[in-house]
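Asker: Build me a structure from this.
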Amino acid sequence: MTPIQPALFVPHGAPTFAQHPGAAGAAIAAAAGALPLPRAIVVVSAHWDTALPTVGFADRPETIHDFRGFPEELYALRYPATGCREAAEEVVAAIRNAGLPVARDPGRGLDHGAWVPLRLMFPDADVPVIPLSIQSQGGPHQAYRLGQALAPLAAKGFLIVASGNVTHNLRDYQAAARSGGRTPAYVRQFADWIAARLDAGDVSALLDYRRQAPGAVQAHPSDEHLLPLHVALGAGGEHARAERFHSGIDDYVIAMDAYSFLPQQGGRP
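Answerer: Take a look at the predicted model:
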């Protein structure tokens, strides 16, 4: 019998997270190591944003260094992932069966939102990786619906890894770096609000976070880095239990919280 996989929301932080993973990196590596080996990984990154849900079909997805101005050695890092066309077709079918449009990309590689956490979680690159895009113009409701479409894949051995950050404001990072590194109060307030709403199973509030959460617009001037959380929430299934298995702040303003959404039978415990 194929073990049911959770859906994971993991941080990818700044690109330098690949070199200095710290406590967050240790936490996501430990979480991956505790899982049964997945049949395939569907990775949803905040950095692949398309008009339609798009599934990558590359046999050997390239490592994309989609950033500038970082240390030279960071550009030498590679993640030698392999794809799986059969598994990618199952992802396409799951999305289509949920009534959503879906497209294929034969050559899509892995941006840093994908390869940085995967390199920490599955360093041997021994599980096929299927990239899947987000649609920022659809907002949280569309991201949640995309996640719901992926939920049936958990019973087939697919691990959903959704990669973003619970807070993400680059201007505030630059300001904090100039002023000596003080973390604005909204960073913890917003992260703790997300944790409380997830613990309560309050999906409606999470989908309406921009109006309801403290500091929401400052935490996310645009949606894309939180939308993977909504994907993971949907992918966990209707009665998924959310577990925050890491909480912390890197680079002054980036909440590095990580969550597991484990499918449950029946209602919430």
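
Asker: Follow the chain on from the helix or strand harbouring R211 and name the next helix or strand.
Answerer: Assigned by DSSP states H and E, R211 belongs to helix 209-212. Downstream of helix 209-212, the first helix or strand assigned by DSSP H and E is helix 216-219.

Asker: Need the contact partners of that next one.
Answerer: Helix 216-219 has contacts (CB atoms under 8 Å, 6 or more residues apart in numbering) with 166-169, 172, 184, 186-187, 190, 209-210, 213, 226, 255. From N, CA and C alone the C-beta is placed, and that goes for glycine too.

Asker: Let's see that with 6 Å instead.
Answerer: 167, 186, 190, 209-210 (CB atoms under 6 Å, 6 or more residues apart in numbering).

Asker: How about the contacts made by R210?
Answerer: A216.

Asker: One more: E62?
Answerer: G109.

Asker: And it, how close does it get to S163?
Answerer: 17 Å (CB to CB, to the nearest Å).

Asker: Then Q148?
Answerer: From Q148 across to S163, the span is 19 Å (CB to CB).

Asker: between those two, which one's more packed in?
Answerer: Legend: neighbour count by other CB atoms under 10 Å for Q148 and S163, higher for S163 (30 against 19).

Asker: Quick check: which element contains the more buried one?
Answerer: strand 158-164.

Asker: again, but for A175
Answerer: Assigned by DSSP H and E, A175 falls in helix 170-179.

Asker: do the same with E243
Answerer: Applying DSSP H and E, one finds E243 within strand 241-246.

Asker: for that strand, packing partners?
Answerer: Counting contacts by 3 or more CB pairs under 6 Å, 6 or more residues apart in numbering; DSSP states H and E, strand 241-246 is packed against helix 22-33, strand 258-262.

Asker: Could I get these in JSON lines, plus columns for mean neighbour count, distance to E89 and mean pLDDT?
Answerer: Listed next are those as JSON lines, based on neighbours: other CB atoms under 10 Å; distance: least, CB to CB, whole Å; pLDDT from 0 to 100:
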{"stretch": "helix 22-33", "mean neighbour count": "18", "distance to E89": "25", "mean pLDDT": "98"}
{"stretch": "strand 258-262", "mean neighbour count": "22", "distance to E89": "24", "mean pLDDT": "96"}
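
Asker: what about the strands in this protein?
Answerer: Counting by DSSP state E, one finds strands in the chain at the ranges 7-11, 40-49, 54-56, 103-105, 129-134, 158-164, 241-246, 249-250, 254-255, 258-262.

Asker: follow-up on the earlier one: between strand 258-262 and the strand holding E243, find me the angle.
Answerer: Here the directions of strand 241-246 and strand 258-262 differ by 160 degrees (axes from the mean of the first three to the mean of the last three CA atoms, to 10 degrees).

Asker: Quick check: mean pLDDT of strand 241-246?
Answerer: In this model, strand 241-246 has a mean pLDDT of 96.

Asker: CA atoms only for it - export them in CSV, please.
Answerer: C-alpha atoms of strand 241-246 as CSV (Å, rounded to 0.1, in the frame of the first residue of the first chain):
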residue,chain,number,x,y,z
ARG,A,241,-4.2,19.0,10.2
ALA,A,242,-1.7,21.9,10.0
GLU,A,243,1.5,21.5,12.0
ARG,A,244,4.0,24.4,12.2
PHE,A,245,7.3,22.5,12.4
HIS,A,246,9.5,25.5,12.2
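
Asker: For that strand, which outside residues touch it?
Answerer: For strand 241-246, using CB under 6 Å, 6+ apart, the contacting residues are 24, 27, 31, 195, 198, 257-262, 264.

Asker: Let me see the contact set for the closest residue to G236 other than its chain neighbours.
Answerer: Once flanking residues are discounted, G236 sits nearest to F261: 2.7 Å by CB to CB, 6 or more residues apart in numbering. F261 is in contact with 6-7, 232, 236, 240, 242, counting by CB under 6 Å, 6+ apart.

Asker: Tell me the one of the residues you listed nearest L74?
Answerer: Nearest to L74 among the contacts of F261 is A232, at 26.4 Å by CB to CB.

Asker: Do you know the pLDDT at that closest one?
Answerer: On pLDDT, A232 comes in at 98.
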